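Any chance you could fold what I've pasted below:
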Amino acid sequence: MSNWNEKALTQVHNPGDFCYTEMRRRHFGTGGLALTDKVTNPNWLMRYFEKIDWERVLSSLLGLLWQLVLFTVLFAIIRAVGRKLIDRGFTTYAAHSHLSATRVATMHTLSLNAFSYTVIFFYLYAVLTVLGVPVGTLLAGAGVVGIALGLGAQGFVSDVVTGFFIILEGQFDVGDTVTLGAVSGTVTAVGLRTTIVKSADGTVNFIPNRNITIVANKSRSQMQVIIKLPARGDADLDQIRTVLEAVNAKLVPQTPAITAGPDLLGLAPNGDGTFSYQVLIYVKSGEQLPTQRKFLTAYVKALTKAGIPIPTTIYPGQA
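I've put the predicted structure just below:
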């Protein structure tokens, strides 16, 4: 019975056919199959590749490759020419602009980055379109993701926008002495996201640009220094003036930071029953404290040497 079935199956089906192999497996079991047939048949793979129109596939690949090369070369030329035009434009602008070199360099870098990102975006869009990727669907999905990311990146976007306008409007530059809210010091770096200010005690402050609401720039004009010398109400003001003028004649040529003055304002009340002789000096930004200390020390020494007493406040309990 088994031999007849075997013969019948052989006559009806091709021994290399999968259906025949399956029928043999079901009728005779896996033992007989292992001895006489193979589970896999490579003929189907060969027939699959034989049905492929290789000439058409090769032609399509060459056409696709040609388009990719063409777009790559085209966008590379656009990027190179665009960057060169931007460089030339900012070189001309810097030569005829009153803006500082630091601000021009920052705006130059920002423009180059924005142009490069724009070119890369359109290049990727063109490549994906050539490859047949549904860019519209991807952009729609990216829009949903972008909304989610935007909600979590509002602070970052605010920093960048504020930083852009700080640089564009030139509110301050590197090296300026500024007061930003509760922070005072010298600006050491201006970026799109943060501004770095170094305080007088050496503290480095990193300030997010979105927190900069009021800017007090002390480097855009000459700064005022007022020196107050304690004086008695019955002091000889003419003698004091003579001594101070002699000091000024000696120190002013040695102090290039002075832009105007010194002006001897004379005696003025302090508001607590005491008086002071005041001197007004205008200096360059950042030179207020050194100039004040230099002239105050020289004034006190000269007045003491001339025998003019400088009153001091005596608090209760002091001898």
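
Pull out the buried residues from the helix or strand containing residue 246.
Under the criterion of DSSP states H and E, residue 246 resides in helix 237-251. In terms of neighbour count (16 or more other Cβ atoms under 10 Å), helix 237-251 has its buried residues at 240, 243, 244, 247, 248, 251. No exception for glycine: its C-beta is placed from N, CA and C like everyone else's.

From residue 90, how far out is the nearest residue to residue 164 once chain neighbours are set aside?
Once flanking residues are discounted, residue 164 sits nearest to residue 192: 6.3 Å by Cβ to Cβ, 6 or more residues apart in numbering. Distance of residue 192 to residue 90, given as Cβ to Cβ, to the nearest Å: 17 Å.

again, but for residue 267
56 Å.

So those two - more neighbours on which side?
Neighbour count, other Cβ atoms under 10 Å: between residue 267 and residue 90, residue 90 has more, with 18 against 15.

Would you mind identifying the next helix or strand past the top strand by length along the chain?
In the chain, taking DSSP state E as the definition, the longest strand is strand 258-269. Scanning forward in sequence from strand 258-269 by DSSP H and E, the next helix or strand is strand 275-283.

ok, residues contacting the next helix or strand after that following strand?
Toward the C-terminus, strand 275-283 is succeeded by helix 288-305 as the next helix or strand (DSSP H and E). Helix 288-305 is contacted by residues 223-225, 227, 229, 240, 243-244, 246-247, 250-251, 255, 257-258, 262, 279, 281, 283, 310 when judged by Cβ atoms under 8 Å, 6 or more residues apart in numbering.

Equivalent analysis for stretch 170-184, please.
In contact with stretch 170-184 (Cβ under 8 Å, 6+ apart) are residues 99-100, 102-103, 166, 185-190, 195, 197, 199-200, 205, 207, 211-220, 285-286.

Which among the residues you listed count as buried?
102-103, 166, 185-187, 190, 195, 197, 205, 207, 212, 217-219, 285.

Take the residues you listed and keep only those in strands.
Among the buried ones among the contacts of stretch 170-184, the members that lie in strands (by DSSP E) are 185, 186, 187, 190, 195, 197, 205, 207, 217.

Give me the helices and strands touching the helix holding residue 246, please.
strand 258-269, strand 275-283, helix 288-305 (3 or more Cβ pairs under 8 Å, 6 or more residues apart in numbering; DSSP states H and E).

can you do 10 Å?
Where contact means 3 or more Cβ pairs under 10 Å, 6 or more residues apart in numbering; DSSP states H and E, helix 237-251 is packed against strand 223-231, strand 258-269, strand 275-283, helix 288-305.

show me what contacts residue 218?
Residue 218 makes contact with 172, 176, 177, 178, 179, 184, 186, 285, 286, 288 under the criterion Cβ atoms under 10 Å, 6 or more residues apart in numbering.

check contacts around the closest residue to the second one other than its chain neighbours.
Spatially, and ignoring its direct neighbours in sequence, residue 176 is nearest to residue 219 (4.0 Å; Cβ to Cβ, 6+ apart). If a contact means Cβ under 10 Å, 6+ apart, then residue 219 has 172, 173, 175, 176, 177, 178, 186, 187, 284, 285, 286 as its contacts.

Out of the residues you listed, flag the one nearest to residue 65.
Each of the contacts of residue 219 was checked against residue 65 using Cβ to Cβ; the closest is residue 173, at 50.0 Å.

Would you quantify the distance from that closest one to residue 245?
Residue 173 is 38 Å from residue 245, by Cβ to Cβ.
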